[in-house]
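J.: I'd like to go over a predicted model; first the sequence, then the structure.
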Amino acid sequence: MPRWISLVIAIALAAIVPAPAGAQTIIKTCGKVYGSVRLGANLSTTAESCLDVQQSGITIDGANYRITAGTFAILVTEQSKVTIKNVVSSQGVQVYGPNANDNVIQNSKLGPVAVYQGDRIKILKNTMQSLLLAGLYNDPVQDALVQDNLLQWTTIPSSKEKLFRLSTGSDATHLCAEGRHRVINNTLVGAISASVAASDPEAEARLLWISCGRKLEIRGNTVQSPSGRAIGLLMRDEADDNYIADNIFDLKESQAGNLLIQSGSEGYFHPRRNVFYNNRFKVGSGRAMNYQANNAWGNQFQRNVFWTVGGTTESVRIADGLYFDAVPAANQGAYTVCSGNVCWLPEANNVFDHNTFYHGGTGALIVFRELGASMDPYYDPRRESTRSIPPRQHLTNNIFSTSGSELYGFDTLINVFGYDGDYNLFQSRSSVAAPSSLQALGLDVHSFVANPRFVSSATGNFNLCSGSAAIGKGASGSDVGAFPYSPLTRCK
């Protein structure tokens, strides 16, 4: 056999022999990937994708080289335990398929990242343009960990786009399955593009969108919009039983609401039984919160700050947390109390306890819309004792402070009876804020008017100074407001 033929055969055999276990092959071109690889140069293709993973249990180390492709830098389809790290690309990474489990994306700079169906994915310490976690075909995406990432997209092309959308999806039993995702210590920065804002001033960026998923932990994140209108956190479509804590939502402007609890699509429950703890919802102007969903219930708000810096729009808008409808007799087993064909859920209560509400502008602080009592056909407004549906909005131990003349706004007088409050501190810095009108109806019996003496409301420091009237005036002797007094607090 000629010597040159032997050399060709040897080279061909070497190209298909797998690398030793744990070793990485250096690659300099795009293509299908069957083993662990490390980039040795920038990769570029005009095709839809550059690297197409064909093997589970491998590592793609980008070595900080850049990948350029039509749509996807890397595709992972039906492969598991794949680690992608140190990749740089303006294009996206897509993980797809019910068997695409236990994959890791870390320490990379990427365009949009999308995960469909796969479970237990870890997305760690990346910079991304956007992120989507979504279930498909009755196969939910579950148990994701998204931690220490920067999502940044300040040219969002329309209100339909989301910076981070988390939609767990359905399984064979539940319309919306348990997600059990953990979203921790991430920074989200997003804004509608200048051209869209100029053509549609009402367009608002959706920064963190949660729908159709339960038992999520959203903790320690910072969500910002430096320009234009935006929604910081949008929850809808059975976003239930979630824990949202220690987050900062800081927007220039929001009309839909920095926190928007929305009714969503027909056939889905409105968000239920969520806990919001120690979050800050700040807007330069507009609404810090819009509780738009009129059938959401069981949500708890504790130790949060709702802060509108200025403007004429109300800071907070709250609809009812009442499920109330004409229900056929055959379906009444799903409800607790029925009278004729009218049914409701007595446990459908929303609780706002130990929060601070602050408006630096001239708009109303809180506006209540269409509370449940107004829909009760058995209610007699002349005698509260005849009300057959108890109040649904419970506001206790809160500080309400505004520069405007209106602390509360009820769209109709009858809606006052959908409200229940006590041990609240009221302050209107431009007029007398007396709870006497509520107290005449047996509400806010222990509430009072006073200056809470914040450390510095102008800079958003709503801690209490020594001598604050809020100290010890709450139920059971607690301090009123989001932050209990500390003797270590320094005040000028």
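T.: Perfect, thanks for sending it. Numbers count the residues shown, from 1 in each chain.
J.: So which residue is smack in the middle of the protein?
T.: Note on the chain: the residue nearest the mean C-alpha position is Leu233, at 3.6 Å, using Cα atoms, centre = their mean.
J.: Quick check: buried residues in the host helix or strand of that residue?
T.: Take DSSP states H and E as the rule and Leu233 turns out to sit in strand 222-240. Buried positions in strand 222-240, judged by neighbour count with 16 or more other Cβ atoms under 10 Å: 223-225, 228-240. C-beta coordinates here come from the backbone N, C-alpha and C atoms, glycine included.
J.: and if you look at stretch 57-77?
T.: 58-63, 65-69, 72-76.
J.: Keep only those of these that are in helices.
T.: Among these, no member is found in helices (DSSP state H).
J.: between those residues, which is nearest Gln262?
T.: Phe72 (31.4 Å; Cβ to Cβ).
J.: Using pLDDT, spot the least trustworthy of the buried residues of strand 222-240.
T.: Ranked by pLDDT, those bottom out at Gly228, which has 87.
J.: and Gly404, how many neighbours?
T.: 20 (other Cβ atoms under 10 Å).
J.: same thing with Ala198?
T.: Neighbours around Ala198, by other Cβ under 10 Å: 11.
J.: part of a helix, is it?
T.: Yes - judged by DSSP: H, G, I helix; E, B strand; the rest coil, Ala198 forms part of a helix.
J.: Contacts only, for it.
T.: By Cβ atoms under 8 Å, 6 or more residues apart in numbering, no residues touch Ala198.
J.: How much space separates it from Gly284?
T.: In this view, Ala198 and Gly284 are 19 Å apart by Cβ to Cβ, to the nearest Å.
J.: swap in Val309?
T.: For Val309, the distance to Gly284 - Cβ to Cβ - is 5 Å.
J.: List the single closest residue to Thr313 in space, sequence neighbours excluded.
T.: The shortest distance from Thr313 to any non-neighbouring residue, by Cβ to Cβ, 6 or more residues apart in numbering, is to Gly363 (4.9 Å).
J.: Is the residue nearest to the centre of the chain in contact with Ala256, as I believe?
T.: No - using Cβ atoms under 8 Å, Leu233 and Ala256 do not qualify as a contacting pair, with a distance of 11.1 Å.
J.: Tell me, how many residues neighbour Gly92?
T.: So Gly92, with other Cβ under 10 Å, has 21 neighbours.
J.: Sorry, wrong one. I was asking about Lys122.
T.: 16.
J.: What of the one 5 residues further on?
T.: Applying the criterion other Cβ under 10 Å, we find 14 residues in the vicinity of Thr127.
J.: Which phi and psi values does Gly35 adopt?
T.: phi -150, psi 180 (degrees, to the nearest 10).
J.: Could you check the pLDDT of it?
T.: pLDDT at Gly35 comes out at 97.
J.: My read is that the residue nearest to Thr313 contacts Ser405, right?
T.: No - between Gly363 and Ser405 there is no contact under Cβ under 8 Å: 9.9 Å.
J.: And these two? Which one has more around it.
T.: Using other Cβ under 10 Å as the criterion, Gly363 and Ser405 rank with Gly363 on top: 23 against 14.
J.: Next, that one: secondary structure please.
T.: coil.
J.: residue contacts, it?
T.: Thr308, Gly311, Thr312, Thr313, Glu314, Ser315, Gly404, Glu406.
J.: and stretch 154-174, which residues are buried?
T.: Quick answer for stretch 154-174 (16+ other Cβ under 10 Å): 154, 156, 159, 161-170.
J.: Restricted to strands, list those.
T.: Counting by DSSP state E, the buried residues of stretch 154-174 place Thr154, Ile156, Lys162, Leu163, Phe164, Arg165, Leu166, Ser167 in strands.
J.: Need the max-distance pair from the residues you listed.
T.: Thr154 and Ser167 (23.4 Å).
J.: Work out the gap between stretch 121-141 and the centre of the chain.
T.: When distances are taken as Cα atoms, centre = their mean, to the nearest Å, stretch 121-141 is centred 15 Å away from the chain's centroid.
J.: which regions of the stretch 201-350 of the chain sit below the pLDDT cut-off?
T.: Scanning the stretch 201-350 of the chain for pLDDT under 70 picks out 320-348.
J.: Output stretch 418-432 in PDB, but only the C-alpha positions, please.
T.: Output of stretch 418-432 as PDB, limited to C-alpha atoms (Å, rounded to 0.1, in the frame of the first residue of the first chain):
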ATOM      1  CA  GLY A 418     -65.400  46.000  50.700                       C
ATOM      2  CA  TYR A 419     -62.700  47.500  52.800                       C
ATOM      3  CA  ASP A 420     -61.500  46.700  56.300                       C
ATOM      4  CA  GLY A 421     -58.800  48.600  58.000                       C
ATOM      5  CA  ASP A 422     -57.300  49.300  61.500                       C
ATOM      6  CA  TYR A 423     -54.200  50.400  63.300                       C
ATOM      7  CA  ASN A 424     -53.100  52.500  60.300                       C
ATOM      8  CA  LEU A 425     -51.200  55.800  60.400                       C
ATOM      9  CA  PHE A 426     -52.600  58.400  58.000                       C
ATOM     10  CA  GLN A 427     -50.600  61.500  56.900                       C
ATOM     11  CA  SER A 428     -51.600  64.000  54.200                       C
ATOM     12  CA  ARG A 429     -48.800  66.600  54.000                       C
ATOM     13  CA  SER A 430     -51.100  69.100  52.200                       C
ATOM     14  CA  SER A 431     -54.300  68.800  54.200                       C
ATOM     15  CA  VAL A 432     -55.900  67.200  57.200                       C
END
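J.: hang on, the earlier thing: let me know the distance separating the residue nearest to the centre of the chain from Asn279.
T.: 9 Å.
J.: Quick check: neighbours shared by those two?
T.: Ile244, Asn247, Phe249, Leu259.
J.: what's the span of stretch 298-312, first residue to last?
T.: Length of stretch 298-312, first residue to last, Cα to Cα, to the nearest Å: 30 Å.
J.: List the buried residues of it.
T.: Result for stretch 298-312 [16+ other Cβ under 10 Å]: buried residues Gly298, Asn299, Phe301, Gln302, Arg303, Asn304, Val305, Phe306, Trp307, Thr308, Val309, Gly311.
J.: So what sits opposite the closest residue to the last one other than its chain neighbours in the bridge?
T.: If you skip the residues right next to it in sequence, Gly311 has Ser285 as its closest partner in space, 3.3 Å away by Cβ to Cβ, 6+ apart. The residues paired with Ser285 through beta bridges, assigned by DSSP bridges, are Glu253, Gly310.
J.: quick one: secondary structure of Val416?
T.: helix.
J.: And it, how far from Tyr423?
T.: Counting by Cβ to Cβ, the gap from Val416 to Tyr423 is 18 Å.
J.: Next: Ala239.
T.: 30 Å.
J.: returning to that earlier point: any chance of the buried residues of stretch 154-174 in CSV, with distance to Met128 and pLDDT too?
T.: As requested, these are exported to CSV (distance: Cβ to Cβ, whole Å; pLDDT from 0 to 100):
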residue, distance to Met128, pLDDT
Thr154, 13, 90
Ile156, 14, 91
Ser159, 20, 76
Glu161, 14, 86
Lys162, 13, 94
Leu163, 9, 97
Phe164, 9, 98
Arg165, 13, 97
Leu166, 14, 97
Ser167, 17, 96
Thr168, 19, 95
Gly169, 21, 94
Ser170, 26, 91
